[in-house]
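Trainee: Below are the sequence and a predicted model for it; my questions follow.
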Amino acid sequence: MNLKQYVTVGAGILVSVCIFVPLVEITDPNDYNLVSTDPVTGLARYKPNSSFMTAGDCYENKVEVNNLGFHGPPVQLEKGKEVFRIVIVGSSYVSAIQVPVRDMHSTLLQEKLNANPKRAYTYEVVPIAMGMNRILLDMFYYLKYGSMLAPDLVINIESDYELIAQNPIDMPAYDAQGNILLQTPKSGENPNVGYFRSISRHSKFLVNLYNRFLIFRSSLNSFLSAPFSGTAVSIPTTEAAAKEVALRAEEERWQVKEKILSTYAKLVLKNGAPFVFASWTGPSAATSTAQEFPRHMPEIAKRNNFSYVDLVPVSRAAEAITGRASNYPCDYHWNSDGNRYAAEALYSYLSTHPALLTHHSL
């Protein structure tokens, strides 16, 4: 390309931004200027005791923010004597701002647990989550907002989107002995990066662009997982080399993840609660990605003394029986049915592991 072509392309991009950014800001009914940031840790949450509207191309919902600053019902900070409190930590799937509080998987799980007339406790299920978090930030959200609730059980849910979408802020810092430093990455973040992050959280254009990128990436990964599987006879050397690179990247990713999960589980167990890691992969996830959780997590959980549950089998079975998808046609998040399937999967696992629903002492 010559200079004139570069100028033409640049001008086209500038004009498009000037047209589409104001258009999205005006037409998007969502309000993104509702996040407050803790000055010490840099952890974001919604403004406590507030509400706002969120909408996609095929859904609209009023988000109810509780006293903790998360989508969900109000929470009494002091736990009652006969209360068994479950804290569920995670990203946008746990936050579930696409559905009303009554349809959240956490609410439905609480109802299912309390429906048993012979139950030993009154169960409370408290979601603590913000969209775009990853497992490292999940651990810090537990330390900041979950541990103070004295939970009797901690569940962390991670999806395939969080598994693959990694950036430097998802990587832990280590001390001289190789242990993870318990300080949030954002506390040492470059001020310019922090400013851009704040702007991006509040920009309707950037949030919409990010959501569409996730949908596009999911479809692309699904295609790239086996684009010519019906005709391939042998694997060319270049493809074999690419697979080797992918395998090394996967191995490195799971080495870091195990370090984080090991630290996370120890912190939860030290506070007197069992730790459960739950995973979910969307139906459009690439085959290679979908297989990573069940391939790695059982052994990681066994080595580090915590429990693992794959939410996919129960969800897929429910989809097959009802004919109703887990997610919206215009969005990769759980709809009301998907939240119900997730609640059923968690309830099924906990019911078959009753020791997890029993008070534990230090």
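Mentor: Received, thanks. This structure is a prediction, so every number in the text was calculated from the model and none was measured.
Trainee: Show me the strands in this structure, by range?
Mentor: For the chain, the strands defined by DSSP state E occupy 35-37, 44-46, 51-55, 60-64, 83-90, 122-129, 153-159, 275-280, 307-310.
Trainee: how distant is the second one from the center of its chain?
Mentor: In terms of Cα atoms, centre = their mean, to the nearest Å, the centre of strand 44-46 is set 15 Å apart from its chain centre.
Trainee: List the strands paired with that strand, with their directions.
Mentor: strand 35-37 (antiparallel) (DSSP bridges).
Trainee: what's the answer for the fourth one, then?
Mentor: Its sheet considered, strand 60-64 pairs with strand 51-55 (antiparallel) by DSSP bridges.
Trainee: Any buried residues in the partner strand, and which?
Mentor: In terms of neighbour count (16 or more other Cβ atoms under 10 Å), strand 51-55 has its buried residues at 52, 54. Every residue, glycine included, has its C-beta placed from N, CA and C.
Trainee: Show the average pLDDT along that strand.
Mentor: Taken as a whole, strand 51-55 has an average pLDDT of 93.
Trainee: how far does it sit from the chain's center?
Mentor: 19 Å.
Trainee: Please save the CA atoms from that strand in PDB.
Mentor: Below are the C-alpha coordinates for strand 51-55, written out as PDB (Å, rounded to 0.1, in the frame of the first residue of the first chain):
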ATOM      1  CA  SER A  51     -30.300  -1.000  39.800                       C
ATOM      2  CA  PHE A  52     -29.900  -0.500  36.100                       C
ATOM      3  CA  MET A  53     -31.200  -1.800  32.800                       C
ATOM      4  CA  THR A  54     -29.200  -4.000  30.500                       C
ATOM      5  CA  ALA A  55     -30.300  -5.200  27.000                       C
END
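Trainee: Can you find which helix in this structure contains the most residues?
Mentor: When the chain is parsed with DSSP state H, its longest helix is helix 237-270.
Trainee: Show the average pLDDT along that one.
Mentor: 90.
Trainee: just to revisit the earlier point, can you lay out the strands of the chain as CSV showing distance to residue 176?
Mentor: What follows is the strands of the chain, written out as CSV (distance: least, Cβ to Cβ, whole Å):
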stretch, distance to residue 176
strand 35-37, 30
strand 44-46, 30
strand 51-55, 45
strand 60-64, 43
strand 83-90, 29
strand 122-129, 31
strand 153-159, 28
strand 275-280, 27
strand 307-310, 31
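Trainee: one step back: can you list the buried residues in the longest helix of the chain?
Mentor: 250, 253-254, 256-265, 267-269.
Trainee: And the residue nearest to the spatial centre of the chain, its phi and psi?
Mentor: Centroid check for the chain by Cα atoms, centre = their mean gives residue 91 as the closest residue, at 2.7 Å. With angles defined as degrees, to the nearest 10, residue 91 shows backbone torsions of phi -110, psi -140.
Trainee: From residue 39, how far out is it?
Mentor: 23 Å (Cβ to Cβ, to the nearest Å).
Trainee: Next: residue 139.
Mentor: 20 Å.
Trainee: quick one, which of those two is more surrounded?
Mentor: A count of neighbours by other Cβ atoms under 10 Å puts residue 139 above the other of residue 139 and residue 39, at 25 against 7.
Trainee: who touches the more buried one in this structure?
Mentor: Under the criterion of Cβ atoms under 8 Å, 6 or more residues apart in numbering, the contact list for residue 139 reads 260, 263-264, 267.
Trainee: now do 7 Å
Mentor: 260, 263-264 (Cβ atoms under 7 Å, 6 or more residues apart in numbering).
Trainee: which one of these is nearest residue 176?
Mentor: Ranked by distance to residue 176 (Cβ to Cβ), the contacts of residue 139 are led by residue 263 at 15.9 Å.
Trainee: Pretty sure that closest one sits against residue 175.
Mentor: No. The pair residue 263 and residue 175 does not pass the contact test of Cβ atoms under 7 Å, sitting 11.6 Å apart.
Trainee: what's the burial count for residue 77?
Mentor: Should you count by other Cβ under 10 Å, residue 77 turns out to have 9 residues around it.
Trainee: Let's see the pLDDT reported for it.
Mentor: 95.
Trainee: what do you get for residue 42?
Mentor: On the pLDDT scale, residue 42 gets 87.
Trainee: let's have the chain start at 577 instead
Mentor: That works, and once the first residue is 577, the last one we named lands at residue 618.
Trainee: For residue 615, give its distance to residue 760.
Mentor: Distance from residue 615 to residue 760, by Cβ to Cβ: 12 Å.
Trainee: same question, residue 820
Mentor: 35 Å.
Trainee: shaky segments in the stretch 727-876 of the chain?
Mentor: For the stretch 727-876 of the chain, the stretches with pLDDT under 70 are 741-745, 761-813.
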